[in-house]
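# model this:
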Amino acid sequence: MTEYKVVELGALDTWDEFEGPLGRGKRFAEFELETKYMGMSSNAADPGKSAPWWHFHSQEEELYIFLSGKGQMGLNDEVVDVEAGTTVRVSPGTWSTWRCLPDSPEQLRFIVMRAGGGDLPRVGHDATMDKERPLPWA
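This next block holds a predicted model:
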């Protein structure tokens, strides 16, 4: 694995064109990015479409970041409304599913980040900063 990798997911309105192992509109970018500690998928669903099943992870935490459309998430015994700007953290052991509302004005598009293992350090606590190094575009 190189020190970095760049993958173009394309414009939001093209995400539904990707055909992956779980069907149209779901792309597991972690395989292309060759990530080691986290997973990421891009997702696009037409109005009325839903995930085909409930699921939970025994060790991974998920973070759903909604970018467009209107939908709902089933989280254990609750239903939460989601739209552009909604972010939902799902703990290990929590049953979850999602759907794009039938009357959504556009596709439900979202990113799901997954990570597991040890606790992540607080933001910046594992970073080394160089405030003297010139920025490459300066």
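
# isn't Phe110 right up against Phe66?
Yes. Using C-beta atoms under 8 Å, Phe110 is in contact with Phe66, at 4.6 Å. C-beta coordinates here come from the backbone N, C-alpha and C atoms, glycine included.

# shared neighbours of those two, anything?
Counting by C-beta atoms under 8 Å, 6 or more residues apart in numbering, the common neighbours of Phe110 and Phe66 are Val82.

# quickly find the element holding Glu30.
According to DSSP states H and E, Glu30 maps onto helix 29-33.

# before we move on, back to that, Phe110 and Phe66: who's more crowded?
Phe110 (26 against 21; other C-beta atoms under 10 Å).

# okay, the more buried one: pLDDT?
Here, the pLDDT recorded for Phe110 equals 97.

# ok, Leu12 next?
Reading off the confidence values, Leu12 has pLDDT 83.

# Pro47 and Lys5: what is the separation?
Going from Pro47 to Lys5 by C-beta to C-beta, to the nearest Å gives 34 Å.

# nope, Ser50 is what I meant
Ser50 is 32 Å from Lys5, where distance means C-beta to C-beta.

# what do you get for Lys26?
Plainly put, Lys26 is 20 Å away from Lys5 if you go by C-beta to C-beta.

# out of these two, which sits in the busier spot?
In this comparison of Lys26 against Lys5, neighbours counted by other C-beta under 10 Å, the higher total goes to Lys26 at 19 against 10.

# tell me the spacing between the more buried one and Phe110.
In this view, Lys26 and Phe110 are 10 Å apart by C-beta to C-beta.
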